[in-house]
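>>> just the structure for this:
(one chain, ligands or ions: 2)
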Amino acid sequence: MAKGLLIVLSGPSGVGKGTVCNELRVRMPELVYSVSATSRQPRFGEEHGVNYFFKSKEQFLEMIENDQLLEYAEYVGNYYGTPRDFVEQTLEEGKDIILEIEVQGALKVKEKFKEGVFVFLLPPSLDELKGRIQGRGTENQATIDHRMSVAADEIGLIEKYDYAVVNDEIDLACKRIESIIIAEHCKVRK
Ligand SMILES: Nc1ncnc2c1ncn2[C@@H]1O[C@H](COP(=O)(O)OP(=O)(O)OP(=O)(O)O)[C@@H](O)[C@H]1O
Ligand SMILES: Nc1nc2c(ncn2[C@@H]2O[C@H](COP(=O)(O)O)[C@@H](O)[C@H]2O)c(=O)[nH]1
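Ligands and ions are numbered 1, 2, ... in the order given. As a prediction, the model looks like this:
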């Protein structure tokens with residue numbers, strides 16, 4: 001059986017990765033979503049095992065030690081990582097899986113999965129990006145400033161990706177990503 005596609009959706013904080021993924025869940029119910037582990041505190045309404053596997057810093061370091069993560073990164077003061085077994089098992093079953101992760105982690109995945117599909121989600125502008133993080137109302141000003149301070153460097157790494165999708169409008173951004181996935185399935189693999 002052919003393996004599934006590994007799709008990595010990445011981009012700066014607040015660009016709309018989570019929003020786009022939630023919409024893709026509705027449009028592409030066959031697509032599997034990887035749930036990450038993190039050492040950050042849950043936000044109001046977030047559930048363990050649904051949004052993230054919430055871990056203490058010690059538990060996270062243990063996962064690294066035990067080689068349970070496909071990739072991990074320290075981002076703005078917290079650890080984030082992708083549980084390895086779930087991704088590998090899903091691909092073996094011939095199902096497509098999407099990872100919603102930041103840039104350092106995405107580049108680590110690229111080293112291991114050259115055949116992966118790497119999509120960078122762009123904001124229409126940096127002002128709009130800041131407005132979106134602020135509008136979400138989940139971060140304090142210091143964290144927003146920190147996240148914005150790394151955003152320009154993250155965008156600077158766009159050339160390492162296969163596709164750039166502007167999230168100007170959710171419906172359009174989702175259509176672009178759906179089209180990429182369909183096209184990747186039609187690709188002649190050498
Ligand atoms: N196309 C869009 N137009 C306007 N607002 C948007 C759009 N996409 C997302 N948003 C809004 O921007 C905010 C940030 O979106 P979201 O949480 O999905 O970003 P994210 O990239 O997943 O962020 P993080 O990396 O911090 O988890 C949310 O309030 C969301 O409703
Ligand atoms: N390298 C990884 N980055 C991840 C993972 N899961 C999420 N993320 C990214 O972290 C930032 C911050 O997320 P937030 O939920 O605190 O706003 C964001 O860019 C996520 O996409 C992961 O497993 N590995």
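
>>> for the residue lying farthest from the centre of the chain, give its distance to ligand 1.
Relative to the C-alpha centroid of the chain, counting by C-alpha atoms, centre = their mean, K190 is the outermost residue, at 26.9 Å. For K190, the distance to ligand 1 (C-beta to the nearest ligand atom, to the nearest Å) stands at 33 Å. C-beta: built from backbone N, CA, C; applies to glycine.

>>> tell me the phi and psi of the most centrally placed residue in the chain?
Nearest residue to the geometric centre of the chain (C-alpha atoms, centre = their mean): E100, 1.5 Å. Dihedral pair for E100: phi -100, psi 100, per degrees, to the nearest 10.

>>> cool, and the one 10 residues further on?
K110 has phi and psi values of phi -60, psi -30 when expressed as degrees, to the nearest 10.

>>> how about the longest helix along the chain against ligand 1, any contact?
If you go by DSSP state H, the chain has its longest helix at helix 170-186. Yes. Using C-beta under 6 Å from any ligand atom, helix 170-186 reaches ligand 1 at I170.

>>> contacting residues for the residue nearest to the centre of the chain?
Counting by C-beta atoms under 8 Å, 6 or more residues apart in numbering, E100 makes contact with 9-10, 17-18, 21, 33-34, 36.

>>> which one of the residues you listed is nearest ligand 2?
S36 (3.1 Å; C-beta to the nearest ligand atom).

>>> residues contacting the closest one?
By C-beta under 8 Å, 6+ apart, S36 lies in contact with 52-53, 80-83, 99-101.

>>> quick check: strands, which of those are part of them?
Counting by DSSP state E, the part of these found in strands is 53, 80-83, 99-100.

>>> what parts of the chain come near ligand 2?
13, 17, 36, 40, 71, 73, 75, 80-82, 100-102, 104-105.
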